[in-house]
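Chemist: Test case, fold it:
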Amino acid sequence: MRWLKILGWVVGVVAAVIIAAGVALWLAPGPIVAWAIAHPVSALMGRDMRVAGGLAIKWGAPTRIEANDIHVANASWGSEPEMFSARHLAVTLFPASFIHGTPRIPDIELDGAKLLLEKSANGEGNWNFSAKQAAPKKRRGFPDLQHAVLRDSQILWRNGRTGAKVDLGVANFDYRAPDPTTPVTVAAAGTYAGSFEKLPLHLTATVGPLAELRNPEEPYPVKLDGSFGTVDLAIDGTVKEPLDFNGLDLRLSLSGKKLDTLASALGVPMPELPDFRGTSELTGGNGDFAIKSLTIALGKSDLEGGLAIDTNSRVPHVEANLTSRKIDLADFDGLVGGKPAHSSAAKPPPPPSDTRLIPNVPISVKKLPGINIDLSFYGTRIVSTTSLPFDAVALGLKLANGEITLDPLRFHTAKGDVALNAHFTPFTQDSPPKLGAKIDVQHVDLKELLRNSSSSILRETAGIVGGFVKIDTTGVSMREFLQRMDGDAGFFMQNGQLSALAQRLAPIDVLGSLGVLAIGDRPQPINCLVTRFDIKKGVATATTLLFDTANTTVAGAGNVNFADETLYLTLDPKNKHFAPVSLRTPVDIEGTFKKPSFHLHLGGLAARLGAAAGLGVLFPPAALLPLIDLGLGEHNACATAYAAQNPPGEPQPKSGSSAPK
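Modeler: Sure thing, here's the model as predicted:
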């Protein structure tokens, strides 16, 4: 029976070890558990874990565990050495409940904690430990947690794929659920910092009892009130499967001022905007959500529609369809660096005095967040700050790979149409913001455009105008965009008239020399105006500058320098009919945008500027003719004024022709 004796010895030794371990764990549990965490548990989890400040366990029902100076290492690829650290942790629990039934945790206290959650460039999460366990598809359990307090702590989120980051500072977080049948209350205060702004955060919430949380067949009630910077938030509704954030049916309400500050904190740059309020419904789950019945009042402007949000793809995607009954452009003065109307936010200090006209307000737009957006918008009424009539506006906007595309922005005004196509690449580490834009203006009636002007002088101005602008540029302000732009621009007008407005712009002797001086109350008719500018590094040089009146044809040359805000143009008038005495004299226009000057010039323009840039050619280049027709429409006066001046062999303008692609 030797083997029975050996077996007896083995059983005895094992029993002795178990008894000794139990006695040691009872008498000195802290050091033993701390050692186990630092060695076998760390090896099992694949991370260095340690309790540097000591660990104490007080056995009983319940058992209380306290630990100080806790550290958990980050993944090897992580941005910081540690994933988690805490100054102090205290947990009260019933150990037997973890073996059978619902885990019962009466109390958790955590002080001075820092939790870093991040994804690598290839999408791996730092919370994936080596000891992996398949997560259930449907979470149906939740610990019976009665009270939790978090103080003076920080939660960080980093996305290595998109560069997105969030810093949540928790000054105080208090969770209370006295028993499973009592509603849960939460109160929190702290700060939220995204890529741009840091904002104070306050939150109070009342949600359903924990017993209902474990029953996904019953919708779980949610009620939340909070503030995010200067924005107030309210949420009220139910969630069918709260543990999986699925089956949402929530009513949302937002109101406040400085929506741009909130957007910047969330990583979406915006200009300064007026006070706002909005309501909507949030539904969906499993990564697909819908914002329905969206209504927003922004100053005196309104917005309605809905959004579809897909977070399942590698880059979240938002599709928005919005409409508006009224857009007041005064609410969007922040787009050009001004203060929007109907805003209660403090007025910024006035900028330092500047001798220049073009604003130098920085457009601080960095790489846009990791989200793709398809937006369509249609507005039926546009209210202009200058009483200009806008009948409708349609916008197609795409945000993809951090870049914005307008494709297009169209609006109807004064019996004509304006279309803008643009592509904007924000600031990156390697280059400043880049902008490529194209603007087309077709058949806009100046008389209709200016009919509501408060100025009688402007109301007498008339003509059908059209034109185009194509530019590529870089910069961080409007001034930089203009002084660095390259491109091409043209402006055309037919059947126009200049009233006393011209006399406000130039001296009488200058207008008389050009043959466009209005006599009495009779406006001076302009048959046709044709201009084209070649733009290089912010300097627009006139390749064509012509206008035709009943008695005079005026040709010009020169440039407009947006970098220096200076201009130098020379206009040379020619009589169309024989006159015994000609008062037509070339005119130089010089100076700055803010203070131009006019001079009668007695020398020959061709000698000063060269015949090619001068007046040996009094007709638009053939390549410009289709663009004139497109901008002014069929049978335009410019075709009549200049067709006869095209030399033999040059294409004649054809009414209704289209611009070359």
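
Chemist: C-alpha only now, for contacts and for neighbours.
Modeler: Will do.

Chemist: can you pull out the helices in the stretch 501-650 of the chain?
Modeler: Remark: helices assigned in the stretch 501-650 of the chain by DSSP state H, counting those that start in this stretch are 501-505, 508-514, 605-609, 625-632, 637-642.

Chemist: Lowest mean pLDDT across these, which one is that?
Modeler: Mean pLDDT per stretch puts helix 605-609 lowest among the helices of the stretch 501-650 of the chain, at a mean of 43.

Chemist: what about the stretch 301-450 of the chain, any weak spots by pLDDT?
Modeler: Residues of the stretch 301-450 of the chain that meet the criterion pLDDT under 70 lie in 331-355, 361-370, 385-388, 428-429.

Chemist: next one: the stretch 551-661 of the chain
Modeler: Applying pLDDT under 70 to the stretch 551-661 of the chain flags residues 577-584, 601-619, 643-661.

Chemist: try 90
Modeler: Scanning the stretch 551-661 of the chain for pLDDT under 90 picks out 551-557, 563-565, 567-661.

Chemist: in it, which spans are strands?
Modeler: With DSSP state E, counting those that start in this stretch as the criterion, the stretch 551-661 of the chain has strands at 552-561, 566-575, 587-591, 596-600.

Chemist: for these, which one sits closest to Asn372?
Modeler: Taking CA to CA, strand 552-561 is the member of these nearest to Asn372, at 37.9 Å.

Chemist: ok, back up a step: which one of the strands of the stretch 551-661 of the chain lies nearest to Ala171?
Modeler: Of all the strands of the stretch 551-661 of the chain, strand 552-561 comes closest under CA to CA, at 54.5 Å.

Chemist: so what secondary structure elements neighbour the closest one?
Modeler: Using 3 or more CA pairs under 8 Å, 6 or more residues apart in numbering; DSSP states H and E, the elements in contact with strand 552-561 are strand 539-548, strand 566-575.

Chemist: Using TSV, lay out these together with mean neighbour count and distance to Asp179.
Modeler: Shown next, in TSV, are the helices and strands packed on strand 552-561 (neighbours: other CA atoms under 10 Å; distance: least, CA to CA, whole Å):
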stretch	mean neighbour count	distance to Asp179
strand 539-548	24	75
strand 566-575	20	76
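
Chemist: In TSV, list those along with distance to Ile371.
Modeler: Output for the helices and strands packed on strand 552-561, formatted as TSV (distance: least, CA to CA, whole Å):
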stretch	distance to Ile371
strand 539-548	37
strand 566-575	42
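
Chemist: that older thread, can you lay out the strands of the stretch 551-661 of the chain as CSV showing distance to His443?
Modeler: Shown next, in CSV, are the strands of the stretch 551-661 of the chain (distance: least, CA to CA, whole Å):
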stretch, distance to His443
strand 552-561, 23
strand 566-575, 26
strand 587-591, 29
strand 596-600, 30
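
Chemist: so where do the helices sit in the protein?
Modeler: 2-27, 29-36, 42-45, 210-213, 259-265, 446-449, 456-459, 478-483, 501-505, 508-514, 605-609, 625-632, 637-642 (DSSP state H).

Chemist: Tell me the predicted confidence for the closest residue to Leu145 other than its chain neighbours.
Modeler: In space, and not counting its chain neighbours, Leu145 is closest to Ile105: 4.9 Å by CA to CA, 6 or more residues apart in numbering. Ile105 is assigned a predicted lDDT (pLDDT) of 86.

Chemist: How about the one 5 residues further on?
Modeler: According to the predicted model, the pLDDT of Leu110 comes to 90.

Chemist: what sits against it?
Modeler: Ala86, Arg87, His88, Leu89, Ala90, Val149, Leu150, Arg151 (CA atoms under 8 Å, 6 or more residues apart in numbering).

Chemist: Correct me if wrong: the second one contacts Glu109.
Modeler: No - Arg87 is beyond contact range of Glu109, at 10.9 Å (criterion: CA atoms under 8 Å).

Chemist: Among the strands of the stretch 551-661 of the chain, which comes closest to Ala622?
Modeler: Per CA to CA, nearest to Ala622 of these: strand 552-561, 16.9 Å.

Chemist: Export that closest one to PDB, keeping only CA atoms.
Modeler: Extracted as PDB, the C-alpha positions of strand 552-561 are listed here (Å, rounded to 0.1, in the frame of the first residue of the first chain):
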ATOM      1  CA  THR A 552     -16.700 107.100 -76.300                       C
ATOM      2  CA  THR A 553     -14.800 103.900 -76.100                       C
ATOM      3  CA  VAL A 554     -12.400 103.700 -73.200                       C
ATOM      4  CA  ALA A 555      -9.600 101.200 -72.900                       C
ATOM      5  CA  GLY A 556      -7.400 100.600 -70.000                       C
ATOM      6  CA  ALA A 557      -4.400  98.800 -68.600                       C
ATOM      7  CA  GLY A 558      -2.600  98.400 -65.200                       C
ATOM      8  CA  ASN A 559      -2.900  96.300 -62.100                       C
ATOM      9  CA  VAL A 560      -4.500  96.000 -58.700                       C
ATOM     10  CA  ASN A 561      -2.200  94.800 -55.900                       C
END
